[in-house]
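Trainee: My questions concern the predicted model and sequence given below.
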There are 2 protein chains.
Amino acid sequence: MYNDKKNSTSLDSSEKDSSRSSIAEEVSGLKIESIFPGVQIDKSVPIHYLIEALKLRKEYMDRIGSDKYSETTKCFLNNTYSQYASTFNVKQNTKAPPLAYHPPEPEPDHWGLKKSLPKYETKYIFKREGGITRIYDKNNELVKDFEKYYISKVKFLKDYEKMLSITSNGPLKTFCYRRLMYLQNKFQLYLLHNEQYELHEQKTSPHRDFYNVRKVDTHIHASSSMNQKHLLRFIKRKVKNDKNNTVLEKNGVKLTLGELFKRLKLDPYDLNVDMMDCHADKNTFHRFDTFNTKYNPLGVSDLKQIFMKYNNYVEGKYFAEILKEVFKDLEDSKYQHIEPRISIHGLKNNEWNKLATWAIKNDVWSTNAKFLIQIPRVYDEYKAVKEIDNFGHLLNNIFTPLFEVTNDPSVDPYLFKFLQQITGFDCVDDESKHEYINFDKYTPDPDNYTESDNPSYTYYMFYLYSNICMLNGLRRSRGLNTFSLRPHCGEAGAVNHLISGYLTAESIAHGLLLRKSAILQYLFYLTQMGIAMSPLSNNLLFVPYQRNPFPEFFMKGLNISLSTDDPLMFHFTREALMEEYSIAIQVWKLSPIDMCEIAKNSVHQSGFDDKIKMYWLGSNWKKEGIAGNDISRTNIPDSRISMRHELLVEELTNIFNNSNN
Amino acid sequence: MYNDKKNSTSLDSSEKDSSRSSIAEEVSGLKIESIFPGVQIDKSVPIHYLIEALKLRKEYMDRIGSDKYSETTKCFLNNTYSQYASTFNVKQNTKAPPLAYHPPEPEPDHWGLKKSLPKYETKYIFKREGGITRIYDKNNELVKDFEKYYISKVKFLKDYEKMLSITSNGPLKTFCYRRLMYLQNKFQLYLLHNEQYELHEQKTSPHRDFYNVRKVDTHIHASSSMNQKHLLRFIKRKVKNDKNNTVLEKNGVKLTLGELFKRLKLDPYDLNVDMMDCHADKNTFHRFDTFNTKYNPLGVSDLKQIFMKYNNYVEGKYFAEILKEVFKDLEDSKYQHIEPRISIHGLKNNEWNKLATWAIKNDVWSTNAKFLIQIPRVYDEYKAVKEIDNFGHLLNNIFTPLFEVTNDPSVDPYLFKFLQQITGFDCVDDESKHEYINFDKYTPDPDNYTESDNPSYTYYMFYLYSNICMLNGLRRSRGLNTFSLRPHCGEAGAVNHLISGYLTAESIAHGLLLRKSAILQYLFYLTQMGIAMSPLSNNLLFVPYQRNPFPEFFMKGLNISLSTDDPLMFHFTREALMEEYSIAIQVWKLSPIDMCEIAKNSVHQSGFDDKIKMYWLGSNWKKEGIAGNDISRTNIPDSRISMRHELLVEELTNIFNNSNN
């Protein structure tokens, strides 16, 4: 039971020099609810389902090579927690590597252009079979080493159906719902007891505060990463200075920027944000279709083409310039980072080359940014205009260049270098669209998928996942970086999307629909799966701000971060991420500790290099529990970390002790 | 009835060149609810009470010399509306004065230091009688010209009681409540009909958008006008660079900045925002007392003394510097302005001289700022420590220097110049404190008021108002600027504060309690009395954001603006006012037109010079109705302005036609 005496002394802020490590140790022994009787689980609850689900996700994450699965939960799965418990609860007396507070300056040659390309002796042959790339050696035999990364459609559908049956089990739903409510109540109880205490602990940490802890904008689209005023000013400046630049070729006629604006009958001086009309408003609520048209400045798709694309007549010159201005602002802010998404459509097989060439030639790079690739789920649109014949084409255009360049870097040196800066894949579109074609054993394989309707969300997820697994396996064998799958998931539409996400994704964006499935929400909690939430975006598209599940998820201990999605559409100030935080803080009355916890989650979820995160979060940052916490960098008191970890351990203990039901 | 045909064509955004003036004329004839039967007013409703209340406020505003009373309502009071109606509804074909979009650069000698002091032949003698300054000539006779500005306590109490009885009339409450609901519903109906139409109208206005319309932060305290990170950085910089500066004398010992921090056992590098602890949080809700202590950085009142006061050992050097940094940011933003409050306590009779000297010597001035003086309501605290004997002392210290310097500028040239830059008085403290002593005919006059308890809110208001009336009369006779009374009012505590405010104040800050009095709320609407609201401040002190009456007030058409109150306590980004707007926009889904309307209100309410406002809002800005609207500056479509004006006229017509009840 909590020691009241300590609580009262900790309230006395004059006692400033109580040693931190001793507090940590004592706090780690903190028990919140031992006055309550132990958990009694109804025999009808199939607890073992939870363990099966935990194992499934672990298997999927191991296959793709993600290390973001909760270490604690892994220990329970391996039945080794009791053995390692102390490593979570006790600070390691590491003579910490002499870390400065800030990581060292990056090399000027950040693309590694001066380094010679590696030459690999072994060359493989790739064949897409049933939509999934298989790796053969020169004798045309499957390479055994890579077969462990292969997952068949049959196996996936079996697992998916297993998850479907788990998540629809009635007694289990009630159990998970009650556990989640329990977690939420415990958090509140903890705060009532310890709020002053943990705030005091935070204050004793010198120099560090919310402003100078690292935060990553974990979900933001590159083409809308600037705010509306920024884009407006940029366009005005370009029309003024570059008016004689040819920017467009339309029906064989070349147009300069000046001519284009003359055709639009617009004087750049007259332009304003209202005309730009890029901002989402009341009329976008539940209207993803009108929302999408907002991407066109002035409602003119040519302007989107000129200023917000890398593949256009000016070879993405303007898009690169404005992105670099966004990066510059972030570098000035120093502690704010982003993970912008940039599109690969899968329409042509030279897209990757164009993108890599654009990025490297324009040097679109920053210490404060890490790119993800977003794959739009719009097969049906391409099919309708006959740009592609079948779904296999899409997969071919997306993946074949990646396998080829990994096999032999010399086929596209720029792409090879560029890929080393990419951390993962996103997959985006309106989830609320009806899915006419289910994914089941009767669904045609990609090469035979010639329907005019879009395949389902799960179909996309599976073929992205399975191909990335093979690609990661190949890349790992060559000592190269690998990719994560971090799709949009659970923003709207069917709850089942979250099952696909749970199996295949390292982390997801949105996750709003977790509200509707207590079991999935509980599994997300137990595996500490990352969720990049964007309440301001939701507010204008799917859920009013006040009804966003963010504060609940936070209390329950889900691994959530705050992200902006589209500053162009949603934000007003020059500091979009700070604006997003500010509103969350004000409306939900988050404390400075809550804010720092969310910031820490964002760093964990992000794809920045481990060696950078070590500088941002401390040398043991990968460890869960207080062993991994370095308050001098995270600004989170050990008491908070300890509480979170103990609650997780308690849940896992309950489950694993009662799994014989 | 609204012309459906026009509505549908206006939706077609291709029809861009429909002439604006014709739209305006047609829209001004727009009728929203003629399908409903006319208003039927129960005979039991004493409508004439409303007219009496309208007359009362007009009388009080005329006395103090405020021109912010609704012109439309004045016309109704004078029974001249039908005569002047067209001047509101038709754009004047003025060959507008050749106004550039931006006002001309201010003179370098903005304090007018190089101008010689005026010499006035007539000299007056001032005597405070019953707490109110009376003006005598050299023959010791009351000067008749100024007697019209005099209001006796008896007269005020009679009017106050009249208002009390009006605002507690049952049938009238119901009537006003229903009218207000009616206004709100009409606004919503208007939007449903015209939203696309007015947005289209707004888009056709070139160059102007929400970012470049002028906005004034109508309520902000100078000492907390910087955000917490700004103050922290400033203190760090000063401790580093000025460590050998003597900044404090305590018990005869002089301390340098370096020594002070040594005593506090603090290394400036270690300082962080958490230690600063200036931010309001969950624990300030309904705790104005803890809120007030947040003004002390690091909980150390010495730091407040050194960095946030003009009257200290360093003669306000640091406070001037940081304020000028705040001003610099505003000047860079160009379109954002503030009206910072700075304190006169009334403890010493040289306070005014110190303040004026500080302001002028440090040149604390900006085109983007206009100072107000705030009088804290803390007589009881001064009395408790025997700094003053009676309430009359306070009034003496506050007002005598002002009368004297207006009488003869040479007695304090700096003060004379300084006053020319001051626009009004605020009056501040926790309104929720219980008032032990009522203001009635038995309450002692100020010179005899020696109680240990604070006099009531109304007592403060009356003596401020009555003295400012006399002072304004005197200043007007000399061609000098006059002062407004713009107190904090209706933030918490008794609803009656709003009656005092209604009678004496030009505009108020907060006004939350208008929720609790439909009659007062309706009167505020009818007189278009300004309300500077600060929902983020309320959120941490008195009303959760989601329950703030701001959006309702806005729909009903009350004259509200958005203000920050204390960026040090409430805001996170570098752009506090934009942050305040952004949150309101997001949470309440305000449209770009709503935002511009609120910005326009803020300019109207502010004390910036009329000749400046002309540049900001257009040459006819004082006119109500579309006649006063210049969309090229306000960015508000005529349709919106017209709707607001018609609704006001409709209400007034109802009232004045039914006043025989």
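Mentor: All right, it came through fine.

Trainee: Contact partners for residue A:79?
Mentor: residue A:656 (C-beta atoms under 8 Å, 6 or more residues apart in numbering or on different chains). Every residue, glycine included, has its C-beta placed from N, CA and C.

Trainee: Is there a neighbour count for residue A:249? I'd like the number.
Mentor: 11 (other C-beta atoms under 10 Å in any protein chain shown).

Trainee: how about it, phi and psi?
Mentor: Taking degrees, to the nearest 10, you get phi -130, psi 120 for the backbone angles of residue A:249.

Trainee: Also residue A:216?
Mentor: Main-chain dihedrals, residue A:216, degrees, to the nearest 10: phi -120, psi 130.

Trainee: I'd say it and residue A:604 touch.
Mentor: No. Residue A:216 lies out of contact with residue A:604 (C-beta atoms under 8 Å); the separation is 9.1 Å.

Trainee: Which one's more surrounded, those two?
Mentor: residue A:216 (30 against 20).

Trainee: Now do residue A:122 against chain B, distance only.
Mentor: 53 Å (C-beta to the nearest C-beta, to the nearest Å).

Trainee: can you check residue A:124 too?
Mentor: Distance, residue A:124 to chain B, by C-beta to the nearest C-beta: 51 Å.

Trainee: And for that residue, the neighbour number?
Mentor: 19.

Trainee: Show the pLDDT at residue A:14.
Mentor: Residue A:14 carries a pLDDT value of 38.

Trainee: Quick check: phi and psi on the residue nearest to residue A:515 when sequence neighbours are not counted?
Mentor: Using C-beta to C-beta, 6 or more residues apart in numbering or on different chains and skipping the chain neighbours, the partner closest in space to residue A:515 is residue A:549 (4.8 Å). With angles defined as degrees, to the nearest 10, residue A:549 sits at phi -80, psi 0.

Trainee: could you measure residue A:549 against residue A:517, distance?
Mentor: In this view, residue A:549 and residue A:517 are 12 Å apart by C-beta to C-beta, to the nearest Å.

Trainee: in what helix or strand does residue A:247 lie?
Mentor: strand A:246-250 (DSSP states H and E).

Trainee: Sheet partners, orientation included, of that strand?
Mentor: strand A:253-256 (antiparallel) (DSSP bridges).

Trainee: hang on, the earlier thing: got the confidence number for the residue nearest to residue A:515?
Mentor: 97.

Trainee: What of the one 10 residues further on?
Mentor: Model confidence at residue A:559, expressed as pLDDT, equals 98.

Trainee: Would you confirm that it contacts residue A:529?
Mentor: Yes. Using C-beta under 8 Å, residue A:559 is in contact with residue A:529, at 6.4 Å.

Trainee: Mutual contacts of these two, please.
Mentor: Common neighbours of residue A:559 and residue A:529 (C-beta under 8 Å, 6+ apart) are residue A:507.

Trainee: Pass me the low-pLDDT residue ranges in chain A, would you?
Mentor: Within chain A, the stretches with pLDDT under 70 are A:1-40, A:93-102, A:660-661.

Trainee: one more time with 50, if that's ok
Mentor: A:1-36 (pLDDT under 50).

Trainee: And the closest residue to residue A:281 other than its chain neighbours, how far from residue A:567?
Mentor: Of all residues not flanking residue A:281 in the chain, residue B:591 sits nearest, at 6.3 Å (C-beta to C-beta, 6+ apart). From residue B:591 across to residue A:567, the span is 19 Å (C-beta to C-beta).

Trainee: between those two, which one's more packed in?
Mentor: residue A:567 (29 against 20).

Trainee: and that one, what does it touch?
Mentor: Contacts for residue A:567 (C-beta under 8 Å, 6+ apart) come out as A:220, A:224-227, A:576.

Trainee: Near the closest residue to chain B within the stretch 301-450 of chain A, how many other residues are there?
Mentor: With C-beta to the nearest C-beta, the shortest gap between the stretch 301-450 of chain A and chain B falls at residue A:333, namely 10.0 Å. By other C-beta under 10 Å, 17 other residues sit near residue A:333.

Trainee: What separation do you get for the closest residue to it other than its chain neighbours and residue A:326?
Mentor: Spatially, and ignoring its direct neighbours in sequence, residue A:333 is nearest to residue A:575 (7.0 Å; C-beta to C-beta, 6+ apart). With distances taken as C-beta to C-beta, residue A:575 is found 12 Å from residue A:326.

Trainee: before we move on, what about residue A:186?
Mentor: 41 Å.

Trainee: I'd like to know which residues of the stretch 251-400 of chain A are adjacent to chain B.
Mentor: A:267, A:269-275, A:277, A:279, A:281-282, A:299 (C-beta under 8 Å from any C-beta of the partner chain).

Trainee: The residue nearest to residue A:281 touches residue B:210, doesn't it?
Mentor: No. Contact criterion C-beta under 8 Å: residue B:591 and residue B:210 do not qualify, at 9.9 Å.

Trainee: Mind telling me what element residue A:199 is part of?
Mentor: Secondary structure (DSSP H and E) places residue A:199 in helix A:170-203.

Trainee: gap between that helix and the chain center?
Mentor: When C-alpha coordinates are averaged (C-alpha atoms, centre = their mean, to the nearest Å), helix A:170-203 and its chain have centres 25 Å apart.

Trainee: do stretch A:501-515 as well
Mentor: 9 Å.

Trainee: Go through it and flag the buried ones.
Mentor: For stretch A:501-515, burial by neighbour count (16 or more other C-beta atoms under 10 Å in any protein chain shown) applies to A:501-515.

Trainee: repeat for stretch A:240-250
Mentor: A:242-243, A:245, A:247-248.

Trainee: Specify which member of the residues you listed is nearest to residue A:378.
Mentor: Closest approach between the buried residues of stretch A:240-250 and residue A:378, by C-beta to C-beta: residue A:248, at 23.1 Å.

Trainee: check contacts around that closest one.
Mentor: By C-beta under 8 Å, 6+ apart, the neighbours of residue A:248 are A:254-255, A:260, A:302, A:305-306, A:312-313.

Trainee: what's the nearest residue to residue A:631 if we skip its chain neighbours?
Mentor: Nearest to residue A:631 is residue A:205, by C-beta to C-beta, 6+ apart, at 4.7 Å.

Trainee: Which neighbouring elements make contact with the helix holding residue A:199?
Mentor: helix A:4-11, helix A:47-64, helix A:518-527, helix A:550-556, helix A:592-605, helix A:638-657, helix B:273-276 (3 or more C-beta pairs under 8 Å, 6 or more residues apart in numbering or on different chains; DSSP states H and E).

Trainee: got those helices as a markdown table, with distance to residue A:364 columns?
Mentor: Converted to a markdown table, those look like this (distance: least, C-beta to C-beta, whole Å):
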| stretch | distance to residue A:364 |
| --- | --- |
| helix A:4-11 | 49 |
| helix A:47-64 | 27 |
| helix A:518-527 | 33 |
| helix A:550-556 | 31 |
| helix A:592-605 | 22 |
| helix A:638-657 | 37 |
| helix B:273-276 | 33 |
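
Trainee: Quick one: closest of the ones you listed to residue A:293.
Mentor: When the helices and strands packed on helix A:170-203 are compared (using C-beta to C-beta), the closest one is helix A:550-556, at 27.6 Å.

Trainee: centre of the chain versus the closest one, how much separation?
Mentor: Its chain's C-alpha centre and that of helix A:550-556 lie 18 Å apart, by C-alpha atoms, centre = their mean.

Trainee: Give the other helices and strands that it contacts.
Mentor: By 3+ C-beta pairs under 8 Å, 6+ apart, helix A:550-556 packs against helix A:170-203, helix A:518-527, strand A:530-533, strand A:560-562, helix A:576-588, helix A:592-605.
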